[in-house]
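Chemist: Got a predicted structure here, sequence first:
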Amino acid sequence: MSSVFARIGRRRALQGAAAGLVVLGLLVWWLLPLGEAPPSGTIRFSTGTKAGVYQDYGERLRKAFRKDMPDLSVKLLTSDGSQENVKRLATDGTDFTIAAADAVETYELAANHPGADRLRGVARLYDDYLQLIVPRDSDIKSVADLRGKRVAIGPVRSGVRLMAERVLKAAGIDAQKDITPRADGIDVGPGHLKEGKIDAFFWSGGLPTEGIQNLADSFTFRFVPIGADLVAKLHAQGGATRYYRATNMPESAYPSIQNGVAVPTIAVANLLMTRTDIDPRLTEWVTRAVIKSRDEIGAHVHSAQLVDLRTAIYTDPLALHEGARRYYRSVKP
């Protein structure tokens, strides 16, 4: 009888070991294609301004790519933000980039914008939140109160400029006539607010953003709410405003400033993008690395924690690149 139990025990042990090997094999297959040499060469990746999330995320993605594709050189290019990123990608200035969905559709809908039909999605990443920052003792309580003020609305080719001008219009303010517009970005805007050179500044980015976190360490400020009534007026403008959604900036974004209070605002999705002429095999490897590195990057860039395999395929207004589609099909349950 003991020999019977022994044989059963050995059989179960072998079955368990075989199952373990299958799981291990599937895991390796998910992480890296078996028997396939990693892509090599050089790619150009357009990020954003210093102290912004695009730049931080891009730098950490480059490290993630290096692990899986050690012979692939990634050249990072700083930019003003979404609008410049979309144009660069469409006109062969870069190979991959990140941009907000509203900036993508704005470029696609505009007349005489070259290369718009070649743009393709790789992954939906995380949401940008519009943030309107003023000194703590400011008399600005709403967007309408910005009339007559010195307001940083972002660099000309940035995504924040696109959103800020639309929000101001929804509040009945002409950005060129009713305020003194400044082109400060997240790299200089916080310092200029602290020095009293501007009265307010807009920023659109993932939560939290390093530039705003750093400001909180040395200056007392607050966020001006952007209510749902303005979002309804934004949607009435049509076009790319359909990508804006009413939401709240959670109290955990900047705890020392918000003091447990969420802030009404608007959000828009960010997309990782490429072009139709980029090699599908390269794009498949890039897509895999983005999904695979989520937790590692998310430990440093909080926004990256929101990258989700289940929602990454929704890159509207862009169709998925063939390489990205291959990856998502390969991991489909």
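Modeler: Happy to help now that I have it. Computed from a predicted model, the values in this text were never measured in an experiment.
Chemist: residue contacts, the closest residue to Leu146 other than its chain neighbours?
Modeler: Leaving out its chain neighbours, the residue that sits closest to Leu146 by Cβ to Cβ, 6 or more residues apart in numbering is Ile179, at 5.6 Å. From N, CA and C alone the C-beta is placed, and that goes for glycine too. By Cβ atoms under 8 Å, 6 or more residues apart in numbering, the residues touching Ile179 are 146-151, 153, 168, 173.
Chemist: mind redoing it with 7 Å?
Modeler: By Cβ atoms under 7 Å, 6 or more residues apart in numbering, Ile179 lies in contact with 146-149, 151, 173.
Chemist: Next up, phi/psi of it, please.
Modeler: phi -130, psi 170 (degrees, to the nearest 10).
Chemist: what number of residues lie near Thr42?
Modeler: 10 (other Cβ atoms under 10 Å).
Chemist: Give me the pLDDT for it.
Modeler: We have a pLDDT of 98 for Thr42.
Chemist: On the three-state scheme, it is what?
Modeler: strand (DSSP: H, G, I helix; E, B strand; the rest coil).
Chemist: for the stretch 201-333 of the chain, what are the low-confidence residue spans?
Modeler: For the stretch 201-333 of the chain, the stretches with pLDDT under 70 are 333.
Chemist: distance of the closest residue to Glu322 other than its chain neighbours from His300?
Modeler: Of all residues not flanking Glu322 in the chain, Pro280 sits nearest, at 4.5 Å (Cβ to Cβ, 6+ apart). Per Cβ to Cβ, to the nearest Å, Pro280 is found 30 Å from His300.
Chemist: Tell me which of these two has more neighbours.
Modeler: Each of Pro280 and His300 has its neighbours counted (other Cβ under 10 Å); Pro280 has more, 16 against 11.
Chemist: can you pull out the helices in the stretch 1-150 of the chain?
Modeler: 2-31, 53-68, 82-90, 101-109 (DSSP state H, counting those that start in this stretch).
Chemist: actually the stretch 201-333 of the chain, sorry about that
Modeler: Under DSSP H, counting those that start in this stretch, the stretch 201-333 of the chain gives helices at 210-216, 228-236, 255-258, 280-292, 294-298, 322-330.
Chemist: Would you reformat those as JSON lines and include distance to Asp92?
Modeler: Formatted as JSON lines, the helices of the stretch 201-333 of the chain follow (distance: least, Cβ to Cβ, whole Å):
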{"stretch": "helix 210-216", "distance to Asp92": "30"}
{"stretch": "helix 228-236", "distance to Asp92": "33"}
{"stretch": "helix 255-258", "distance to Asp92": "42"}
{"stretch": "helix 280-292", "distance to Asp92": "16"}
{"stretch": "helix 294-298", "distance to Asp92": "27"}
{"stretch": "helix 322-330", "distance to Asp92": "18"}
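Chemist: Just give me the longest strand of this protein.
Modeler: Ranked by residue count and defined by DSSP state E, the top strand of the chain is strand 119-135.
Chemist: Beyond that one, next helix or strand please.
Modeler: Later in the chain than strand 119-135, the nearest helix or strand by DSSP states H and E is strand 150-152.
Chemist: I'd like the next helix or strand past that next one.
Modeler: helix 159-170.
Chemist: and that next one with helix 82-90, angle?
Modeler: Orientation of helix 159-170 against helix 82-90 (axes from the mean of the first three to the mean of the last three Cα atoms, to 10 degrees) gives an angle of 130 degrees.
Chemist: Any buried residues in whichever helix or strand comes after helix 159-170, and which?
Modeler: Using DSSP H and E, the helix or strand that follows helix 159-170 towards the C-terminus is strand 180-182. By neighbour count on 16 or more other Cβ atoms under 10 Å, the buried set for strand 180-182 is 181-182.
Chemist: does Ala170 really touch Ala232, like I thought?
Modeler: No. Assessed by Cβ atoms under 7 Å, Ala170 is found out of contact with Ala232, at 8.4 Å.
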